[in-house]
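# I'll drop the sequence and a predicted model, then ask my questions.
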Amino acid sequence: MTSPSNTPAAETNVIPIKVIPPTPPAPPASPAGAMIRTLGLVSAICGLIIVGAYQGTYDAVAANKRIATERAVFKVIPAAKSIAEYVAQPGGGIETRVGAGETAMVPGAVKFFAAYDAAGKLAGIAAEGGAKGYADTVRIMFGYSPDCQCVVGIGVVAMRETPGIGDKILTDKEFLANFTALDVKLKGDLAALANEVKAVKHGAKTNPWQIDAIAGATITSRAVGKAINDSAQALLPRLVPNLDQLAGKS
Amino acid sequence: MNPNAARTWDEFMEGIWHQNPVFVMVLGMCPTLAVTVSVVNALSMGLATLFVLVCSCGLVSLMRNITPKEVRIAVYIVIIATFVTVVDYAIQAISLKLYDALGAFIQLIVVNCIILGRAEAHAAKNPPLPAMINAAGMGIGFTIGLLALGVVREVLGAGTLLGVPLFGASFQPWVIMVLPPGGFFVLGAWLLFFSWLARRKLRKQQAKLVEATQNA
């Protein structure tokens, strides 16, 4: 901005007005070489520091993420002792997923976890779902039991709901009682859920596929219902016909 | 104490008391109000900022003689962003739960005016050691400020301290304290308290002065 070619033009513009005092001469500009050298040096140093930090923390971060996922699964399926990660492909069919986070998923594919108990028997399926809550997306993990075809537990993966109001979905006993056996049976043709999972006004629950919302936290309760419904609608029609693929594992 | 050491000590204490970034300069209000819902969050945010402050001021100061003034802000920002990235990875490695709780405010340390202010006003003009000492003072002052808010908000808003319940089951938490308005209430109360302290000190000094003149 203080290149020498601009300065004389600016001064000839100023002089005829005569009211503005002469501007002090612009301080000499630093040579471009020095700027480039400094910026290059700073970038190199900073690049090294960032790479070092990334490499140094990579294993710990990956382990933390794995533990967090395992904990979330174990919470919704208490009998679980080990988990395996699977993907339900959009065209139907399920595949094991190795190297979580590195292989790109096909659009429309749904990730889920098969949980096994101490004897190596399939204890349940856990999957994530998300829906818009009051403040931001409420992301939940729910446990599905193939035996009763119902949701047997939920946990929150991430939410920014109002503390003391929306976050009651974690603590409210009446609300959590909805998820001891929430009906998610499939229709006869296995193409969709027989009944849409939905949160209803507090006290209005009449069917096993309805969720009794928390009074005062209806929006968050509805988000939980929608998250389970959307995820189950996408996952279960692909999962249920292939359940025997998961059961054999020990 | 030799005068040099005394000066360094003053520069260290400056950030903690006379120029406290939260209560005196009222800088960095965004993280101050947003993350102080609990003591753990406040402490981690304070320590993260402290680390970024000290490291970036050290590096800025090391490079002060070869940094042309035209590109100085760019240089500061790159340096600050680097250390923020380091902190970001470190917190992910320590605890994902904490990382989720602090959310975007870790990355936003980059634009925390306390850090850029220190780099421009102090580190760019002083050798590395004094610059880092001054930065450490500011960082500790900021941490103390955050803790002052975090303790009050967690105790009143959740009835716990560091997650340990204080009042028993019959306590009804004062939820508004952990919501955004509570942040403003508590900050306002602290500012009021410190301004009252300052005024009282001033009044005492004036009274002493009047007394001295009357006696003379």
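Looks like it came in fine. Quantities reported herein were computed from a predicted structural model and do not represent experimental measurements.

# which stretches of the chain form helices?
Just so you know, I chose chain A. A:6-14, A:32-76, A:173-176, A:218-239, A:243-247 (DSSP state H).

# oops, chain B please
With DSSP H, the ranges of helices along chain B come out as B:3-16, B:29-34, B:39-62, B:72-94, B:96-102, B:113-121, B:128-158, B:180-215.

# residue closest to the middle of chain A?
For chain A, residue A:139 is the residue whose C-alpha lies nearest the centre (CA atoms, centre = their mean; 6.0 Å).

# which residue packs closest to residue B:152, ignoring adjacent ones?
Among residues not flanking residue B:152 along the chain, residue B:186 sits closest, at 4.9 Å (CB to CB, 6 or more residues apart in numbering or on different chains). Placement of C-beta: from N, CA and C, glycine included.

# Kindly reformat the helices of chain B as a markdown table containing mean pLDDT and mean neighbour count.
Listed next are those as a markdown table, based on pLDDT from 0 to 100; neighbours: other CB atoms under 10 Å in any protein chain shown:
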| stretch | mean pLDDT | mean neighbour count |
| --- | --- | --- |
| helix B:3-16 | 80 | 15 |
| helix B:29-34 | 85 | 18 |
| helix B:39-62 | 92 | 23 |
| helix B:72-94 | 92 | 20 |
| helix B:96-102 | 83 | 17 |
| helix B:113-121 | 89 | 20 |
| helix B:128-158 | 91 | 23 |
| helix B:180-215 | 90 | 12 |
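
# Those helices into CSV, with extra columns for distance to residue A:110?
Below are these laid out as CSV (distance: least, CB to CB, whole Å):
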stretch, distance to residue A:110
helix B:3-16, 51
helix B:29-34, 34
helix B:39-62, 33
helix B:72-94, 26
helix B:96-102, 23
helix B:113-121, 43
helix B:128-158, 36
helix B:180-215, 36
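
# Contact residues of chain A facing chain B?
Selection of chain A residues close to chain B by CB under 8 Å from any CB of the partner chain yields A:29-31, A:34-35, A:37-39, A:41-43, A:45-46, A:49-50, A:53-54, A:56-57, A:60-61, A:64-65, A:68, A:158, A:160, A:162-165.

# Can I have the buried ones of these as a PyMOL selection?
In PyMOL syntax, the buried subset of these is picked out as below (16 or more other CB atoms under 10 Å in any protein chain shown):
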select buried, chain A and resi 35+38+39+42+45+46+49+50+53+57+61+64+162+163+164+165
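
# same question for stretch A:173-186, mean pLDDT?
For stretch A:173-186, the mean per-residue pLDDT is 84.

# The most centrally placed residue in chain B: what's it in contact with?
In chain B, the C-alpha nearest the mean C-alpha coordinate belongs to residue B:142, at 1.1 Å (CA atoms, centre = their mean). When contacts are counted by CB atoms under 8 Å, 6 or more residues apart in numbering or on different chains, residue B:142 touches B:15, B:20-22, B:28, B:46, B:49-50, B:53, B:114.

# okay, now the residue lying closest to it once chain neighbours are set aside: neighbour count?
Distances taken as CB to CB, 6+ apart put residue B:21 closest to residue B:142, at 4.8 Å, once the chain neighbours are dropped. Residues lying near residue B:21 (other CB atoms under 10 Å in any protein chain shown) number 30.

# tell me the pLDDT at residue B:21?
85.

# Verify the stated contact: it with residue B:15.
Yes - using CB atoms under 8 Å, residue B:21 is in contact with residue B:15, at 6.7 Å.

# Quick check: neighbours shared by these two?
By CB under 8 Å, 6+ apart, residue B:21 and residue B:15 have these common neighbours: B:138, B:141-142.

# out of those residues, who's nearest residue B:5?
Relative to residue B:5, the closest of the shared contacts of residue B:21 and residue B:15 is residue B:138; by CB to CB it sits at 19.1 Å.
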